[in-house]
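J.: need a structure here:
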Amino acid sequence: MEEIEILSWITLDAIKKTAEVIETVGNLQTGHTMSVFCKIDEDYLELCYSDTASNFLRRFEDREELNMALETRKEETGDAPYDEDRSFDDAFDEDESTEDLSESEDF
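T.: Numbers count the residues shown, from 1 in each chain. Here you go, the predicted structure:
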């Protein structure tokens, strides 16, 4: 992975215009950063727009490395899908069935 600082959003926009956009993570209207994951020829890139820190362009070796960075960025911005913990729900189901049995024994 290689990374360079980009001083202007105009430069990032020019790069994005020529690229095939894979996915965008974040939103500058509701947050402070936005990452555009894209491909130009054989290069996989992340164009990071920021209103509070440096903008940068990051180049990945392959699609797998880009996918890992994409998932990481989604987790950082809260865009990752919610993963339900089934064992937590099962614990409540067991408690309810135990309560039902104890209530029926009182009769």
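
J.: only C-alpha atoms for contact and neighbour calcs from this point on.
T.: OK.

J.: For Ile15, see how far away Lys39 is.
T.: 10 Å (Cα to Cα, to the nearest Å).

J.: So the two - more neighbours on which side?
T.: Lys39 (20 against 16; other Cα atoms under 10 Å).

J.: Just confirm that one is within a strand.
T.: Yes. Lys39 sits within a strand when classified using DSSP: H, G, I helix; E, B strand; the rest coil.

J.: ranges for the helices of this protein?
T.: 9-18, 63-77, 86-105 (DSSP state H).

J.: of all those, which has the lowest average per-residue confidence?
T.: When the helices of the chain are compared by mean pLDDT, helix 86-105 comes last with a mean of 54.

J.: looking at it, Thr52 is touching Gly31, isn't it?
T.: No. Thr52 lies out of contact with Gly31 (Cα atoms under 8 Å); the separation is 10.0 Å.

J.: The two: which has the busier surroundings?
T.: Gly31 (12 against 9).

J.: gap between the residue nearest the centre of the chain and Asp41?
T.: Closest to where the C-alpha atoms of the chain average out (Cα atoms, centre = their mean) is Lys74, at 0.9 Å. Lys74 is 24 Å from Asp41, where distance means Cα to Cα.

J.: Ok, His32 next?
T.: Distance from His32 to Asp41, by Cα to Cα: 29 Å.

J.: more neighbours, those two?
T.: Legend: neighbour count by other Cα under 10 Å for His32 and Asp41, higher for His32 (14 against 8).

J.: ok, the more buried one - contacts?
T.: Ser50, Asp51, Thr52 (Cα atoms under 8 Å, 6 or more residues apart in numbering).

J.: Which of the residues you listed sits closest to Ala69?
T.: Closest to Ala69 out of those is Ser50 (16.8 Å), distances taken as Cα to Cα.

J.: wait, doesn't the closest one sit right on Met34?
T.: Yes. At 6.5 Å, Ser50 and Met34 qualify as touching, with contact defined as Cα under 8 Å.

J.: Looking at these two, which has the bigger crowd around it?
T.: A count of neighbours by other Cα under 10 Å puts Met34 above the other of Ser50 and Met34, at 22 against 17.
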